[in-house]
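J.: Prediction below, plus the sequence it came from.
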Amino acid sequence: KPRLLDDEEGGVLFLSSSLSSSASGYGYASFEKQRQRLPVYKYRTAILYLVESHATTIVVGETGSGKTTQIPQYLKEAGWADGGRVIACTQPRRLAVQAVASRVAEEMGVKLGEEVGYTIRFEDISNPDVTRIKFLTDGVLLREMMDDPLLTKYSVIMVDEAHERSISTDILLGLLKKIQKRRPELRLIISSATIEAKSISNFFQSSKRRRVAEDEELRSRLEPAILSVEGRGFNVQIHYMEDPVQDYVQAAVSTVLLIHDQEPAGDILVFLTGQDDIDVAIKLLTEEARSNGKNSSGMIILPLYSGLSHAEQDLVFSPTPKGKRKVVISTNIAETSLTLEGIVYVVDSGFSKQRFYNPISDIENLVVAPISKASARQRAGRAGRVRPGKCYRLYTEEYFVNEMSVQGIPEIQRSNLVSCVIQLKALGIDNILGFDWPASPSPESMIRALEVLYSLGVLDDDAKLTSPVGFQVAEIPLEPMISKMILASNELGCSEEIITIAAVLSIQSIWFSGWGAQKELDEAKLRFAAAEGDHVTFLNIYKGFLQSGKSSKWCHKNFINYHAMKKVMETREQLKRIALRLGIVLKSCERDMQLVRKAVTAGFFANACRLEAFSHGGMYKTIRGSQEVYIHPSSVLFRVNPKCVIYHSLVSTDRQYMRNVISMDPSWLTEVAPNFYQQQQQQQQLRNPIIH
Ligand code: ADP
Ligand code: MG
């Protein structure tokens, strides 16, 4: 047994460095060597011992120390997957699930999808008969609970990246705590890159448990163990800006060029916020490097965001050729979820895309917002993996010290809770306000969500799921509004069209962006543009794609992302299967787009807006909350400005912009959601919107 020193305060366990364990005979020699060099390897025996003796083990360790790729393998080697049992490892991000699963399969020398598999929404690369280590998103594991509430096939569940506090992670932690009471043999490992683990540890050792467990041994089993993996990160020198920057994309590009010009070899990792600014940065960087002349060569510039094809992902992870410098321009995903080898320089914009929800206005937004100090430290840490590195923060030291918040806010406290509430209801959790949350959401958000679900016909007067609508909506693995839209299309006779629309909406963008061809892109859009709006435009594109014989050339010519279209086809097939299971009849409404618009309204009535003023680029107000919104320039209805519209989502920059917009007739609102838009109130609002 390893020698463990108990720290009185929090039960933190430090391990003597003399620990070592013999490697098992898995994998190829070269991988075996690599595996043994990882910091987590020294703790192998300790981890296995703690998992054996504690219901919950919390593992804290630097990104890259081997938590995600190694711990599931250790567990398997120790027999936790014997007898048909499965080891699960959850991730908040889809791309991370795919990347780590394929890495682990490679290390074990097995084919992905067999012994090691993964499941993300609409993509199941696992085999229930043979898969022993399964990576999956925390959202997918929540879904699995609908069929198997106690998750009986899993012996160990590792909830990874817990410091991110994604909404699904928090729901999962709350539910797993419940499951543990019913399944004492289940083991949880919660892993985190920061010591934020403390609050999670407190969550798992509530005082009630301590009282219940009089028995000393039982008590210690229920107390979570915390294990801290000592990393071997190198020193990272931090550089700040002297003055605040106006444009972080431009500043990032200039900084990369400066590093490339003046610093010795080593790859660069740039943190921006999303596909849009990453594509702009790549374009600028390519152009400026070219016009710079002498130093343009030697850079391999690569994007990293979710939605990349497997081939694009592989490029990011493949070793940098000699004499070259890789420049990876990434979203938050490279902050802790993925490890890139060879990074020596980090450029940190100080921003990320975050979800914000305001229950008063009932508006959820994706906003480019400042990161926390904890995130900034993580980002800087990525520069010190292989040797001492440098981090260039595109903000001032004064800003870092005085303005940045210490920690981020858990997503559950800044999100719309509609999906969360319906999932809990479907799992039979009736008292949602009384649910044991790792961090409580606001009562206002809860009430809003209950109200919307009631108006969707998903919950009844007693806040129970309705039958069949409520159960059907819960079964479809999409936002409840989309699910409702699909159910409505069955009644309206346009399910073929709506399922296509739902598939497209589940993908980030089907347009090929970047590379500075805005004019050509706009022209291509015009070729498909429908007067009704973006949803109908998607139908035109889908039809064109089918008529072209699903040709990649056709996509290229029309500035459509072929990879995204293939994904749409796959998703559509999956949705069709789900629809058939729910008894939905597949039917096309041919050219009657009014039916399609009605079905969209039946799901998204809460996002109805009315044109207030043609000036200022067409100002709309949400009918219910009177919030000022504008049509996004990427929409085919930009500048067309129909009287009443429904949007799919909002993004906010200088203004709140509606993305994916369709025109609508306001008289439908009382028809589809009489509770939400009471007749009398609505007439009044249409004349003179009430300010809430
Ligand atoms: P952690 O979860 O602690 O952040 P990981 O288990 O993800 O660490 O990574 C451990 C090591 O495995 C990394 O430092 C890297 O060397 C290697 N690794 C992980 N994923 C990949 C990959 N996709 N390609 C190549 N090497 C990888
Ligand atoms: Mg990890």
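T.: Received the coordinates, thanks. Ligands and ions are numbered 1, 2, ... in the order given.
J.: Can you name the residues of the stretch 201-350 of the chain that neighbour ligand 1?
T.: 317, 339, 341 (CB under 6 Å from any ligand atom). C-beta coordinates here come from the backbone N, C-alpha and C atoms, glycine included.
J.: can we see that at 5 Å?
T.: 317, 339 (CB under 5 Å from any ligand atom).
J.: three-state assignment of the closest residue to ligand 1 within the stretch 401-550 of the chain?
T.: Closest residue of the stretch 401-550 of the chain to ligand 1, CB to the nearest ligand atom: residue 408 (18.3 Å). When classified by DSSP: H, G, I helix; E, B strand; the rest coil, residue 408 comes out as coil.
J.: count of neighbours near it?
T.: Per other CB atoms under 10 Å, the neighbour tally for residue 408 reads 20.
J.: my read: residue 544 touches residue 537, true?
T.: No. Taking contacts as CB atoms under 8 Å, residue 544 lies outside contact range of residue 537: 10.6 Å.
J.: which of those two has more neighbours?
T.: Per other CB under 10 Å, whichever of residue 544 and residue 537 has more neighbours is residue 537, with 24 against 17.
J.: Tell me which helix or strand the more buried one sits in.
T.: helix 534-547 (DSSP states H and E).
J.: same thing with residue 307?
T.: Applying DSSP H and E, one finds residue 307 in no helix or strand.
J.: With residue 400 instead?
T.: helix 397-402.
J.: Mutual contacts of residue 544 and residue 537, please.
T.: Listed as contacting both residue 544 and residue 537 by CB atoms under 8 Å, 6 or more residues apart in numbering are residue 528.
J.: on that earlier part again, which positions in the next helix or strand after the helix holding residue 400 come out as buried?
T.: Toward the C-terminal end, the helix or strand that comes next after helix 397-402 (DSSP H and E) is helix 418-426. By neighbour count with 16 or more other CB atoms under 10 Å, helix 418-426 contains the buried residues 418-426.
J.: Which positions within whichever strand or helix holds residue 51 qualify as buried?
T.: Residue 51 belongs to helix 44-53 when assigned by DSSP H and E. Of all the residues in helix 44-53, those buried under the rule 16+ other CB under 10 Å are 44-51.
J.: Of the residues you listed, which ones also sit close to ligand 1?
T.: Of the buried residues of helix 44-53, not one also sits near ligand 1 (CB under 5 Å from any ligand atom).
J.: of all those, which comes closest to ligand 1?
T.: Distance to ligand 1, by CB to the nearest ligand atom, is smallest for residue 47 among these, at 12.2 Å.
J.: Please list all residues in contact with the closest one.
T.: Contacts of residue 47 (CB under 8 Å, 6+ apart): 40, 57, 59, 71, 74, 189, 227.
J.: Kindly reformat the residues you listed as JSON lines and extend each row with neighbour count, pLDDT and secondary structure.
T.: Formatted as JSON lines, the contacts of residue 47 follow (neighbours: other CB atoms under 10 Å; pLDDT from 0 to 100; DSSP: H, G, I helix; E, B strand; the rest coil):
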{"residue": "40", "neighbour count": "26", "pLDDT": "96", "secondary structure": "helix"}
{"residue": "57", "neighbour count": "26", "pLDDT": "96", "secondary structure": "strand"}
{"residue": "59", "neighbour count": "26", "pLDDT": "95", "secondary structure": "strand"}
{"residue": "71", "neighbour count": "27", "pLDDT": "98", "secondary structure": "helix"}
{"residue": "74", "neighbour count": "22", "pLDDT": "98", "secondary structure": "helix"}
{"residue": "189", "neighbour count": "27", "pLDDT": "97", "secondary structure": "strand"}
{"residue": "227", "neighbour count": "25", "pLDDT": "94", "secondary structure": "strand"}
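J.: burial of the spatially closest residue to residue 525 that is not a sequence neighbour, as a residue count?
T.: In space, and not counting its chain neighbours, residue 525 is closest to residue 636: 6.2 Å by CB to CB, 6 or more residues apart in numbering. By other CB under 10 Å, the residues close to residue 636 number 25.
J.: residue contacts, residue 636?
T.: Contacts of residue 636 (CB under 8 Å, 6+ apart): 525, 528-530, 533-534, 537.
J.: can you redo those as a markdown table with pLDDT and distance to residue 651?
T.: What follows is the contacts of residue 636, written out as a markdown table (pLDDT from 0 to 100; distance: CB to CB, whole Å):
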| residue | pLDDT | distance to residue 651 |
| --- | --- | --- |
| 525 | 89 | 18 |
| 528 | 95 | 22 |
| 529 | 95 | 20 |
| 530 | 96 | 22 |
| 533 | 97 | 17 |
| 534 | 97 | 14 |
| 537 | 97 | 18 |
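J.: what's the following helix or strand after the helix holding residue 537?
T.: Next element after helix 534-547 (DSSP H and E): helix 552-557.
J.: and the angle for the helix or strand that that following helix is followed by with helix 534-547?
T.: Of the helices and strands lying after helix 552-557 in sequence (DSSP H and E), the nearest is helix 562-581. Helix 562-581 and helix 534-547 are oriented at 100 degrees to each other (axes from the mean of the first three to the mean of the last three CA atoms, to 10 degrees).
J.: and the very next helix or strand once past helix 562-581, which residues are buried?
T.: Per DSSP H and E, the first helix or strand lying C-terminal to helix 562-581 is helix 593-604. Residues of helix 593-604 classed as buried by neighbour count (16+ other CB under 10 Å): 593, 595-604.
J.: Give me the contact list for helix 593-604.
T.: 456, 481-486, 488-489, 492-494, 497-498, 501, 530, 532, 535-536, 539, 589, 608, 646-648, 662-665, 668-669, 672-673.
J.: where does the stretch 1-150 of the chain come near ligand 1, residue by residue?
T.: Within the stretch 1-150 of the chain, the positions adjacent to ligand 1 are 63-69, 99, 103 by CB under 5 Å from any ligand atom.
J.: Which two of those have the greatest separation?
T.: Put simply, by CB to CB the two of those set farthest apart are 65 and 99, 16.5 Å from each other.
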